[in-house]
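In: here is my input; please provide its structure:
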Amino acid sequence: MWELVKAGGWPMLPLLLLGVAALAIILERLWSLRRAEVMPPKLGEEVRNWAARGQLDPAHIESLRRNSPLGELLAAALDVRHKPREMVRERLEDTGRHLVFKMEKFLSALGTIASAGPLLGLLGTVVGMIQMFLGILDHGLGDVSQLAGGIGKALVCTATGMIVAVPALIFHRFFRSRIAGYVIEMEQEATALLDALDNARPAPQVPPAVAAQAAAARAAAARPAPAAPVRR
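Out: Numbering: from 1, shown residues only. Here you go, the predicted structure:
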């Protein structure tokens with residue numbers, strides 16, 4: 001294995017570094033994007049029960065905010081729960097964009113590795129081929145088997161670039177798909193919380209004067225109109 005690494009030349013060093021970085025990112029994202037970490041089970045139902053019982057004190061909301069990304073989204077809705085529904089939706093959209101940005105952390109780097117790996121491997125192969133043909137130019141063709149061996153060693157960089165890029169590309173698409181699924185489920189939980197807040201909100205109190213005027217208007221509308229006099 002070490003001989004193959006040496007045969008690839010200096011482009012093998014950045015390829016190996018890219019491989020280590022990709023592995024670190026994949027392991028970190030696998031741990032950070034666990035369902036229990038992003039969307040703890042029963043959390044949405046528990047928060048809706050809080051709203052129904054009126055247990056929405058600041059300590060509960062702050063604890064919810066530190067719980068998980070879903071908790072942070074629901075806490076953002078509870079912060080403005082007394083505002084109109086449209087304003088609450090705007091707050092949810094703003095918080096959701098920040099959460100998606102956090103969940104996509106390092107994914108741009110992983111996508112760059114997936115794109116740069118094959119190109120860097122191809123560069124190493126081209127450099128190796130150039131060196132080999134320059135050697136032929138100086139010393140002649142010599143043994144054909146040595147020429148074949150030199151071409152094989154030059155292709156080591158291309159193979160290494162593919163080995164680095166393919167898993168990086170697969171996990172990049174996998175993480176993006178998982179985050180998209182989390183976003184849809186978070187939207188559903190947020191909508192359910194908005195409905196629970198609307199149900200728990202008391203009906204607006206009508207001032208007595210306005211209520212009396214409305215009752216008088218209804219009574220006047222219900223009173224039959226006087227009959228018109230009959231002309232002879």
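In: show me what contacts Val100?
Out: By C-beta atoms under 8 Å, 6 or more residues apart in numbering, Val100 lies in contact with Ile179, Val183. C-beta coordinates here come from the backbone N, C-alpha and C atoms, glycine included.
In: assign it to helix, strand or coil.
Out: helix (DSSP: H, G, I helix; E, B strand; the rest coil).
In: quick check: it vs Arg35, distance?
Out: 16 Å (C-beta to C-beta, to the nearest Å).
In: cool, Met103 as well?
Out: 12 Å.
In: now do Val164
Out: 28 Å.
In: between the two, which has more neighbouring residues?
Out: A count of neighbours by other C-beta atoms under 10 Å puts Val164 above the other of Val164 and Arg35, at 27 against 12.
In: hang on, that one packs against Leu17?
Out: No - using C-beta atoms under 8 Å, Val164 is not in contact with Leu17; the gap is 9.7 Å.
In: where are the low-confidence patches of this structure?
Out: For the chain, the stretches with pLDDT under 70 are 1-9, 135-150, 152-153, 200-232.
In: tell me where it has helices.
Out: Using DSSP state H, the helices of the chain run over residues 2-8, 12-32, 35-38, 43-53, 58-65, 69-79, 85-103, 107-139, 144-154, 156-200, 208-222.
In: so which bits of the fifth one are buried?
Out: When burial is assessed from 16 or more other C-beta atoms under 10 Å, helix 58-65 yields the following buried residues: Ile61, Leu64, Arg65.
In: OK, contacts around the second one?
Out: By C-beta under 8 Å, 6+ apart, the contact set of Leu64 is Val47, Gly71, Glu72, Leu74, Ala75, Leu78.
In: kindly report the same for Ile170.
Out: Ile170 touches nothing, counting by C-beta under 8 Å, 6+ apart.
In: any idea how far Asp79 is from it?
Out: On the measure of C-beta to C-beta, Ile170 and Asp79 end up 39 Å apart.
In: same question for Arg85.
Out: 14 Å.
In: more neighbours: the two, which one.
Out: Remark: of Arg85 and Asp79, Asp79 carries more neighbours, 16 against 12, as counted by other C-beta under 10 Å.
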